[in-house]
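>>> build the 3D model from these lines:
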Amino acid sequence: MSVKDRASILPGGHTANAAYWMDDSNGVFMTSTYYMNELPVWVTSFNQKNHAQRYMSQNWNPLFPVETYIQSSADNNAYEGKFAGETATTFPHQTDKLRLSDIKKTPFGNSIVFNFAKEAIIEEKLGQGSVTDFLAISCSSPDYVGHMFGLNAIEIEDTYLRLDRDIADFLTYLDEKVGEGNYTLFLTADHGAAHNPQFMMDNKIPAGFFYASKLKDEVNTFLAKAFKSDKLLVRQVGENFIWLNHGATDSLKLDETLVKKEILKCLKSHTEIQYVVDMENVQNALLPKALKEMAINGYNTKRSGEILLLLQPGWFEAYATTGTTHGTWNPYDTHIPMLWYGWGIKSGATERKMHMTDISATIATLLHIQMPNGCIGECIGEVLK
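Below you'll find the model as predicted:
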């Protein structure tokens, strides 16, 4: 469950008996006929209580006095985005004037998901039977808030302070309804985030905004001259990849290996691009071992582009000059938390490098079952009793 569709569907996999996410049109939870033909009575009842309307009518004020937010930049700065209708980036944010779907962009998005999770535990009798139940909760609001306001905003600090309270309240609820020591919990993230490039540059750190659409036009112009054709040989640039237009290359009877070589020539002058990789020959690419492994792991032959672009540190593909985004190889984007708590977990900490793919292997080991059929991770033995 989540306010975001994909953050709800993907953690459940193919065999989940339910997945719920927020309907952007009216701020209530919905599902798909993949899982059921109509919502359970308890979900309909939850929706009828208009939780989103109640949260948004409160308006968003900081949880604590603004001067106590010492991990953040000044409240009003050029690096942060604004809600529709706002003239400044500062608190308070008049959420009662926004669409209900904008609850995703506030810490209230986390709170409503935890409210929904509590209801699910009771109504679905989770943790009450003889078979292990699995509940995946995705708190997607930090992602939305980060995209809009960036890493150094008071808004993002306030979001995490409120999330900390929401998690504490939820753990207390689990202790009461499921029983302390009767559940296992893990907490992680799917990515980190970069600092706003302008913030970096203003602090004398090399950075910049990369605009994929401009690069696409430039590469197509370069290829038009190289192959003396007005057909667009590059279909798309984005998400760190370049996709070829196979229809155009086929109609012109072009060897795509030669097309890729010309693209690499074109990109040599782009100092913001650290590495350009022909994924068909990634094993021969002059890449550091760690980056090569990342490139291979993140590549899908049926969906990914033919050429991978790895930007210089501090750079990212931009959709705006305010806020921030993610999707790079750098530590600030790929270093994520991993916390374990509860039944079967021993107290401790480790500095050893692990991967998110190790989570499913560890849970499978804890439950004495086989790992998922696509698992490439390993059990994190030191967390288990």
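
>>> please name the bridge partners of Leu310.
Taking DSSP bridges as the rule, Leu310 bridges to Tyr275.

>>> what's around it, how many residues?
If you count neighbours by other CB atoms under 10 Å, Leu310 ends up with 18. Heads up, the C-betas are built off the backbone N, CA and C, glycines and all.

>>> and the pLDDT for it?
Model confidence at Leu310, given as pLDDT, is 97.

>>> OK, contacts around it?
When contacts are counted by CB atoms under 8 Å, 6 or more residues apart in numbering, Leu310 is found next to 240, 273-277, 291, 295, 328-329.

>>> apply 10 Å and report the result again.
The contact partners of Leu310, by CB atoms under 10 Å, 6 or more residues apart in numbering, come to 240, 273-277, 287, 291, 294-295, 328-330.

>>> list only buried entries from these.
Among the contacts of Leu310, those scoring as buried are 240, 273, 275-277, 287, 291, 294-295, 328-330 (criterion: 16 or more other CB atoms under 10 Å).

>>> dump those residues into CSV; add secondary structure and distance to Phe222 as well.
Formatted as CSV, these follow (DSSP: H, G, I helix; E, B strand; the rest coil; distance: CB to CB, whole Å):
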residue, secondary structure, distance to Phe222
Asn240, coil, 20
Ile273, strand, 14
Tyr275, strand, 19
Val276, strand, 14
Val277, strand, 18
Leu287, coil, 24
Leu291, helix, 26
Met294, helix, 28
Ala295, helix, 24
Thr328, coil, 25
Trp329, coil, 26
Asn330, coil, 28
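
>>> which two among the residues you listed are spaced furthest apart?
Val276 and Asn330 (17.0 Å; CB to CB).

>>> and Pro11, backbone torsions?
Note on Pro11: backbone dihedrals following degrees, to the nearest 10 are phi -60, psi -20.

>>> which of the helices or strands spans Ala117?
Secondary structure assigned from DSSP states H and E places Ala117 in helix 108-123.

>>> for that helix, packing partners?
Using 3 or more CB pairs under 10 Å, 6 or more residues apart in numbering; DSSP states H and E as the contact definition, the elements that helix 108-123 packs against are strand 21-23, strand 28-30, helix 41-48, helix 51-56, helix 141-149, helix 154-174.

>>> let's see it at 7 Å
The elements that helix 108-123 packs onto, with contact taken as 3 or more CB pairs under 7 Å, 6 or more residues apart in numbering; DSSP states H and E, are helix 41-48, helix 51-56, helix 141-149, helix 154-174.

>>> out of those, flag the one nearest Ile121.
The closest approach between Ile121 and any of the helices and strands packed on helix 108-123, judged by CB to CB, belongs to helix 154-174 at 7.6 Å.

>>> after that closest one, which helix or strand is next?
Scanning forward in sequence from helix 154-174, with DSSP H and E defining helices and strands, the next element found is strand 184-188.

>>> thought Leu291 was touching Thr328?
No - with contact taken as CB atoms under 7 Å, Leu291 and Thr328 are classed as non-touching, separated by 11.1 Å.

>>> domain assignment for the chain?
Domain assignment of the chain by automatic domain parsing yields the ranges 5-194+334-343, 208-312.

>>> endpoints of the last one, how far apart?
End-to-end distance for domain 208-312: 9 Å, by CA to CA, to the nearest Å.

>>> switch to numbering from 17
Sure, I'll start counting at 17 from here, so that last one is domain 224-328.

>>> and that domain, how far out from the chain middle?
Using CA atoms, centre = their mean, to the nearest Å, the mean C-alpha position of domain 224-328 is found 24 Å from that of the whole chain.
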